[in-house]
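A.B. asks: Got a predicted structure plus its sequence, pasted below:
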Amino acid sequence: MQSAAIEQLSSVEAEDILSKLPERIAEALRTRAEEIQYPIERVVEMALASYLDSEALGFADCKPGRGQ
């Protein structure tokens, strides 16, 4: 069993999740990934984490180009 601390979505898994969402939501996540220049799998993880835990790393915490 893997530690939860090192588990991350792969790009294939993220695309599988996106394919099951309403198109407008999937497209919004893809657009956000492009805007902040993050891999789609990290954006999906952040979206889920921020929904489940209000103190989780979220989009407001990401500052592309600033090393964060």
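C.D. replies: That came through, no problem.

A.B. asks: How is the spatially most central residue of the chain assigned, secondary-structure-wise?
C.D. replies: Central residue of the chain (Cα atoms, centre = their mean): residue 43, 1.8 Å from the mean position. Of the three states, residue 43 takes helix according to DSSP: H, G, I helix; E, B strand; the rest coil.

A.B. asks: What residues of stretch 41-59 count as buried?
C.D. replies: With burial defined by 16 or more other Cβ atoms under 10 Å, the residues of stretch 41-59 counted as buried are 41, 42, 43, 44, 45, 46, 47, 50. Where C-beta positions appear, they are placed from N, C-alpha and C, glycine not excepted.

A.B. asks: what separates the lowest-mean-pLDDT helix or strand in the chain from the chain centre, distance-wise?
C.D. replies: When the helices and strands of the chain are scored by mean pLDDT, DSSP states H and E, helix 40-52 comes last with a mean of 89. Offset of helix 40-52 from its chain centre (Cα atoms, centre = their mean, to the nearest Å): 4 Å.

A.B. asks: What is the neighbour count of residue 21?
C.D. replies: Neighbour count of residue 21, defined by other Cβ atoms under 10 Å: 14.

A.B. asks: so how far is residue 46 from it?
C.D. replies: 15 Å (Cβ to Cβ, to the nearest Å).

A.B. asks: do the same with residue 15
C.D. replies: With Cβ to Cβ as the criterion, residue 15 and residue 46 are 16 Å apart.
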